[in-house]
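[1] Task: produce atomic coordinates for the following.
(chains A and B)
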Amino acid sequence: EDQVTQSPEALRLQEGESSSLNCSYTVSGLRGLFWYRQDPGKGPEFLFTLYSAGEEKEKERLKATLTKKESFLHITAPKPEDSATYLCAVPSGGSGYALNFGKGTSLLVTP
Amino acid sequence: SAVISQKPSRDICQRGTSLTIQCQVDSQVTMMFWYRQQPGQSLTLIATANQGSEATYESGFVIDKFPISRPNLTFSTLTVSNMSPEDSSIYLCSVVLANSYEQYFGPGTRLTVT
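    Sure, this is the predicted structure:
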């Protein structure tokens, strides 16, 4: 069965303190790994899709990387507005598009 | 990306009643999905909304409880039937754009059942 595990569950950082979030996955034939940001009371906001090991993508203070077993979301010099829950997901099931989500990492960045 | 709207944005409903949630997207999409996010939890797929045919439901979700329609490429509805407090959740639609593999989510409908 496909599984997605995120760690840590929660992370508290000081503004400017860089760190990484982890997403490990077990799937039969990876068809992409997705990262989303979710603010309280809102739908997930698409950040990145990674398709192959070694691939990296960046957006502002965020950089996502992918290996054959896990993905990292690196946050460089975070600001309070980066506080949110970060979700990773992999396509699963017959359609090849429906997403199987991890439980997320709740990030709090304090001034 | 795409602009996805959901109606209503939130509702408070009585036990035993039904609520229909609408999802509208501003461009043609290949796939539409409905997810549920229970309080403090991650997202769980309810079903794939298939245009012009019956939706494909995930294990644990049935058509009688969550009937879904998708009459065209840009619109879908999810009905939560005979509601109980356990149905209190955020319901989200998502779309995969034509010629893309990326999946985008609507703003969600926050449902509270009393």
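[2] Mind jotting down where the strands sit in chain B?
    Listed in chain order, the strands found in chain B under DSSP state E are B:4-7, B:10-13, B:19-25, B:29-37, B:43-49, B:56-57, B:68-72, B:75-80, B:89-97, B:103-105, B:109-113.
[3] Save those strands as a markdown table, and put in mean neighbour count, mean pLDDT and distance to chain A too.
    (Glycine included, C-beta is placed from N, CA and C.) As requested, those are exported to a markdown table (neighbours: other Cβ atoms under 10 Å in any protein chain shown; pLDDT from 0 to 100; distance: least, Cβ to the nearest Cβ, whole Å):
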| stretch | mean neighbour count | mean pLDDT | distance to chain A |
| --- | --- | --- | --- |
| strand B:4-7 | 17 | 97 | 8 |
| strand B:10-13 | 13 | 97 | 9 |
| strand B:19-25 | 19 | 97 | 11 |
| strand B:29-37 | 22 | 93 | 5 |
| strand B:43-49 | 22 | 95 | 5 |
| strand B:56-57 | 16 | 94 | 7 |
| strand B:68-72 | 16 | 94 | 14 |
| strand B:75-80 | 21 | 97 | 14 |
| strand B:89-97 | 24 | 95 | 5 |
| strand B:103-105 | 22 | 94 | 4 |
| strand B:109-113 | 18 | 97 | 7 |
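[4] Which among those strands is found nearest to residue A:61?
    Closest to residue A:61 of the strands of chain B is strand B:103-105 (Cβ to Cβ; 21.8 Å).
[5] neighbouring strands for that closest one, and are they parallel or not?
    Its sheet considered, strand B:103-105 pairs with strand B:89-97 (antiparallel) by DSSP bridges.
[6] how far away is the residue of chain B positioned farthest from its centre from residue B:30?
    No residue in chain B sits farther from the centre than residue B:99, which is 22.4 Å out by Cα atoms, centre = their mean. As judged by Cβ to Cβ, to the nearest Å, residue B:99 and residue B:30 stand 8 Å apart.
[7] Then residue A:5?
    Noted for residue A:5: a distance of 29 Å to residue B:30, by Cβ to Cβ.
[8] Equivalent analysis for residue A:97, please.
    According to Cβ to Cβ, residue A:97 stands 8 Å off from residue B:30.
[9] Now the common contact residues for the two.
    Listed contacts common to residue A:97 and residue B:30 are residue B:96; contacts here mean Cβ atoms under 8 Å, 6 or more residues apart in numbering or on different chains.
[10] following the host helix or strand of residue A:72, which helix or strand comes up?
    Assessed by DSSP states H and E, residue A:72 sits inside strand A:70-75. Moving toward the C-terminus from strand A:70-75, the next helix or strand (DSSP H and E) is strand A:84-91.
[11] Kindly confirm my reading that residue A:22 is in a helix.
    No: Residue A:22 is assigned strand when assessed by DSSP: H, G, I helix; E, B strand; the rest coil, not a helix.
[12] In the beta-sheet assignment, what are the partners of it?
    Taking DSSP bridges as the rule, residue A:22 bridges to residue A:7, residue A:72.
[13] Report the separation between the closest residue to chain B within chain A and residue B:29.
    Ranked by Cβ to the nearest Cβ, the top residue of chain A for proximity to chain B is residue A:43, at 3.9 Å. Remark: distance between residue A:43 and residue B:29 (Cβ to Cβ) = 15 Å.
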